[in-house]
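K.L.:
Provided below are the primary sequence and the corresponding predicted coordinates.
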Amino acid sequence: MKYTELIIKAKRNSSEIVQAVLLEAGFDSMQIDDPLDAVDIAEHRDVYKYDYINEEISRAAEEAGSADDTITATLYFTDDEEGQSRLTEAVSLLSGMDGVSLVTEETGDDSEWLYKWQEHFRPTKVGERIVVKPGWEDYEPAEGELVIEMDPGMAFGSGLHETTSMCIKALEKDLGDGSERSYDPSRYPIKVLDVGTGTGILAMAAVLLGADEALGIDIDDEAVRVAGENIAKNGLEGRISIRHGNLMDGIDYRPDIIVANLMADLVIMLSPAAASQLAPGGIYITSGILDIKEESVKKAIEDAGFDIIEVLADGEWRAITASRR
Ligand code: SAH
């Protein structure tokens, strides 16, 4: 579906009035961009919500250093009659207000984003053995390679993010023939719990690498849906289930390996529950951890009852593997 964006620019001192007028008329969903927020975010990079701060925000913050006091509010209107009449209403409410400028723009939707993303997604080797490929590309695996076919939709996790590939590399060390950290065979069959499964990629990699079954959990409905589709596409329905949930709340799965590519503070929160579900020797792989958080996450993992086995690094990202004491 197409949308019309109404972009409202107002000076800081009139922006509250603009928001109040809009709210009063029932326009309660808008995106506010305040350059000072970007400065604030960039300066509080250690706050967990912003672990995934991107260059764009940093750049916006730098630009805002020039003390821009223009605040932008964006409203979206659907392309149908109702949307367009609401748009007219919003425009007439705001036009003529002091220090306020209005721009409308036609905009595409998610499918446009998906299309852009598709241009960049080629079969990609993640780790030693796993190759991730989109459905529309043919790929002939070399000997020993395992292929995951994936159309990520809007969910995070094409397998191309550093944190994802480090988790796959860690899984490769624990699973499958010739795995580096050889697994106690009396513990087979192996069950893997993937917390924050996204597209389901880590659950799928685990099963392809030799786990017997996996359970993926995600808090995001879209991720749950996309993960289910990807698992079916790869013919792994019988071995992987996906559930909607918050971290490990209410989960009694008793896995041998837990993999959680979340972010530092969520990993810290998750660690006691992970410890309670893993038997001694059980493996806990975590990522989404920025370098500056490495020490605090390691400490939380150790305090929960694990020994750290290995820390993988890729740029500013870390993945920590630990073993249950
Ligand atoms: N495992 C995938 C996706 C990682 S992105 C990969 O490695 O590529 C992190 C995922 O965790 C997102 O899909 C997000 O929806 C999910 N998530 C975030 N907070 C969560 C929570 N509290 N409980 C469960 N899942 C969560």
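P.N.:
Yep, that arrived.
K.L.:
State the mean pLDDT of the helix or strand harbouring Tyr284.
P.N.:
According to DSSP states H and E, Tyr284 maps onto strand 283-290. For strand 283-290, mean pLDDT rounds to 94.
K.L.:
With stretch 212-232 instead?
P.N.:
For stretch 212-232, mean pLDDT is 92.
K.L.:
Buried residues in that stretch, which are they?
P.N.:
For stretch 212-232, the neighbour count (16 or more other Cβ atoms under 10 Å) marks 213-218, 220, 223-231 as buried. Quick note: C-beta positions are derived from backbone N, CA and C, even for glycine.
K.L.:
and those, which of them are in strands?
P.N.:
Glu213, Ala214, Leu215, Gly216, Ile217, Asp218 (DSSP state E).
K.L.:
hmm, back to that, need the residues that contact the strand holding Tyr284.
P.N.:
51, 163-164, 166-167, 170-171, 174, 181, 196, 256-264, 266-267, 270-271, 274-275, 278, 297, 301, 306, 309, 316-324 (Cβ atoms under 8 Å, 6 or more residues apart in numbering).
K.L.:
related to what we said a few turns ago, find the pair from the buried residues of stretch 212-232 with maximum spatial separation.
P.N.:
For the buried residues of stretch 212-232, the maximum inter-member distance is 22.5 Å, found between Glu213 and Asp220 (Cβ to Cβ).
K.L.:
quick revisit: could you point out which element follows the strand holding Tyr284?
P.N.:
Assigned by DSSP H and E, the successor of strand 283-290 is helix 294-303.
K.L.:
what's the next secondary structure element after that following helix?
P.N.:
strand 306-314.
K.L.:
how is the protein carved up into domains?
P.N.:
For the chain, automatic domain parsing gives the domain ranges 2-112, 117-324.
K.L.:
near the ligand too, which of the ones in strands among the buried residues of stretch 212-232?
P.N.:
Applying Cβ under 6 Å from any ligand atom to those, one finds that Ile217, Asp218 fall near the ligand.
K.L.:
Could you identify which of the domains of the chain is most buried?
P.N.:
domain 117-324 (a mean of 19; mean count of other Cβ atoms under 10 Å).
K.L.:
How far does that one sit from its chain's centre?
P.N.:
Relative to its chain's centre, domain 117-324 lies at 13 Å (Cα atoms, centre = their mean, to the nearest Å).
K.L.:
coming back round to it: show me which of the ones in strands among the buried residues of stretch 212-232 is closest to Leu236.
P.N.:
Closest to Leu236, out of all of those and judged by Cβ to Cβ, is Ala214, at 8.5 Å.
K.L.:
Wait, that closest one touches Val192, no?
P.N.:
Yes. The criterion here is Cβ atoms under 8 Å, and Ala214 meets it with Val192 at 4.3 Å.
K.L.:
got any residues that touch both of these two?
P.N.:
In terms of Cβ under 8 Å, 6+ apart, Ala214 and Val192 are both contacted by the residues Ala203, Ala206, Val207.
K.L.:
mean pLDDT for the domains of the chain: which is lowest?
P.N.:
Least confident of the domains of the chain, judged by mean pLDDT, is domain 2-112 with a mean of 73.
K.L.:
Which parts of the stretch 51-200 of the chain are helices?
P.N.:
Listed in chain order, the helices found in the stretch 51-200 of the chain under DSSP state H, counting those that start in this stretch are 55-64, 81-94, 110-120, 162-174.
K.L.:
need the residues of the stretch 201-325 of the chain near the ligand, please.
P.N.:
Looking at the ligand, the residues of the stretch 201-325 of the chain close enough under Cβ under 6 Å from any ligand atom are Ile201, Leu202, Ile217, Asp218, Ile219, Asp220, Ala223, Asn246, Leu247, Asn261, Leu262, Leu266.
K.L.:
now, which of those lie within helices?
P.N.:
Members of these lying in helices (criterion: DSSP state H): Ile201, Leu202, Ala223, Leu266.
K.L.:
just those residues now: which is nearest Thr4?
P.N.:
Nearest to Thr4 among these, counting by Cβ to Cβ, is Ala223 at 28.9 Å.
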